[in-house]
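Undergrad: Just the structure for this:
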Amino acid sequence: MAPRREPFKTKDGRSYTLWADINDTMSAVIPAYYSDSRERRRERGWMFRGQPNSDWDLIPSLYRPPLNDAILKSREDYTDTFIAALQAKSTQLGLTRLAHSEYLAIAQHYGFYTPLLDFTWNAEVAAYFATFGGQREQAGIIYAFSLTDYQGMRNPFAALGSTVEESDNTLKQAGMEPLPDLELVELYSIPRVYEQEGLFIRVTPAKIDTLLHECIDRFYFRQRTGMIYTGNFSHKAHAIPDRHLFDSDATYEAFVNVLRKEQPHLFDRTGTIGTIILFPPADPLSKFAENWKKEHPDPSRRTQVKSHKKSAQVALPSESGTLMNAFPTKWKGIIMATVREVLINHSTCPRDATWWSLFVTVLNWTILKSNAGCCGNCSNAISRAA
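TA: This is a model prediction of the structure:
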């Protein structure tokens, strides 16, 4: 069946295509960006970023609202203190000879405030993060950014022998704003960053706005309840003729059977990805970062919580409530503890989130992190409530 789509208006009034779900998105557009090895993906220079809510602005965590001078200073100090602790333990943690930008990348990966944005060379990793925690009927998004194309656009007069500075001056004289410099950081000595094929770009809000509107492709899709992208993608299926080109189902099935025998590579699928693969067992650095955050609460969050206290009331459900009774007893303690931690430590204001959306997000995370089977009550309860 051909991928389904419909017209879509973004919150800034721009027109895009909205794909029916993440699978249609992957089938329709991702094959153009797909590479079957880590080295080829890096050589092609396409970077991706997935977000479960397309309404979230593409802004580094350091500059996200609510923001004022006091909050910005508090965030910078908090991250600097963590980096200083990393540097003090650099030998024990295997972090020798790292530049400051690499320490910033580590801080970004573990959830500290930085001027960096996370990207990945792997479109499937971006698809996982774009669907993880998504709410039903919400529009998710995958950003695609060609580093190779950007480098060419950064100096449009390179073929004439112009330097970047000369090109910038020419553009400014013509009343045009040149593209900003782009600082890219890769750090594959960190296991989780390596598995996620992560990289980081350093930008200010003004720069990212220019990048977003001039250099970054956007692919929107509708979220579906319980649908998290986990790989197993038929990346060559676009080369197989669609069913509507045949006069009957029988003719189509016969054609596909012949194709499977003569060109089996067209039915190849990618491997499985997911939480266990993208977040391997905690290494010494991960343990250090997690313990440090527990021992050093984020002071800037207290300011944020106060500023939204009246509008961000979120009540915990009773363990005897209908929803909680839908889950096996062994899950209840894990779910309640996780919910409490999210409500206390969540970095974004819950003002715009309903209790149910937060609960589903936590439930998805709990199930994936547990590495255990599920009896089916979870999905049934979600279907009833949704």
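Undergrad: Not counting sequence-adjacent ones, nearest residue to Arg149?
TA: Quick fix: residue 149 reads Asp, not Arg. Cys215 (7.2 Å; Cβ to Cβ, 6 or more residues apart in numbering). (Each C-beta comes from the backbone N, C-alpha and C, glycine too.)
Undergrad: cool, Ala282 as well?
TA: The shortest distance from Ala282 to any non-neighbouring residue, by Cβ to Cβ, 6+ apart, is to Glu290 (7.2 Å).
Undergrad: same deal with Asn232?
TA: Closest to Asn232 by Cβ to Cβ, 6+ apart is Arg269, at 5.2 Å.
Undergrad: sec struct for the one you found, please.
TA: At Arg269 the chain is in coil, as set by DSSP: H, G, I helix; E, B strand; the rest coil.
Undergrad: pretty sure the residue nearest to Asp149 contacts Thr148?
TA: No: contact between Cys215 and Thr148 fails when scored by Cβ atoms under 8 Å: they sit 11.3 Å apart.
Undergrad: more crowded one of these two?
TA: Per other Cβ atoms under 10 Å, whichever of Cys215 and Thr148 has more neighbours is Cys215, with 17 against 11.
Undergrad: List the residues that contact the more buried one.
TA: Contacts for Cys215 (Cβ atoms under 8 Å, 6 or more residues apart in numbering) come out as Phe145, Ser146, Asp149, Tyr150, Met153, Leu179.
Undergrad: residues near the residue lying closest to Asp249 once chain neighbours are set aside, how many?
TA: Counting by Cβ to Cβ, 6+ apart, Arg243 is the residue found nearest to Asp249 once chain neighbours are left out, at 7.5 Å. For Arg243, the number of neighbouring residues by other Cβ under 10 Å comes to 15.
Undergrad: I'd say Arg243 and Tyr252 touch.
TA: Yes: here Arg243 lies in contact with Tyr252, judged by Cβ under 8 Å, at a distance of 5.1 Å.
Undergrad: can you tell me how far Arg154 sits from Asp168?
TA: For Arg154, the distance to Asp168 (Cβ to Cβ, to the nearest Å) stands at 9 Å.
Undergrad: residues bridging contact with the two, i.e. touching both?
TA: Pro178.
Undergrad: Just list what the longest helix belonging to the chain packs against, helices and strands only.
TA: Ranked by residue count under DSSP state H, the longest helix found in the chain is helix 69-88. For helix 69-88, the elements it packs on are helix 100-109, helix 284-295, helix 299-307, judged by 3 or more Cβ pairs under 8 Å, 6 or more residues apart in numbering; DSSP states H and E.
Undergrad: List of residues touching it?
TA: Here helix 69-88 has contacts from 61-63, 93, 95, 100, 103-104, 106-107, 112-114, 288-289, 292, 296, 298-300, 303-304, using Cβ under 8 Å, 6+ apart.
Undergrad: what about the residue in the chain sticking out farthest from the centre, which helix or strand?
TA: Distance from the C-alpha centroid of the chain, by Cα atoms, centre = their mean, peaks at Asp247 (41.7 Å). Under DSSP states H and E, no helix or strand contains Asp247.
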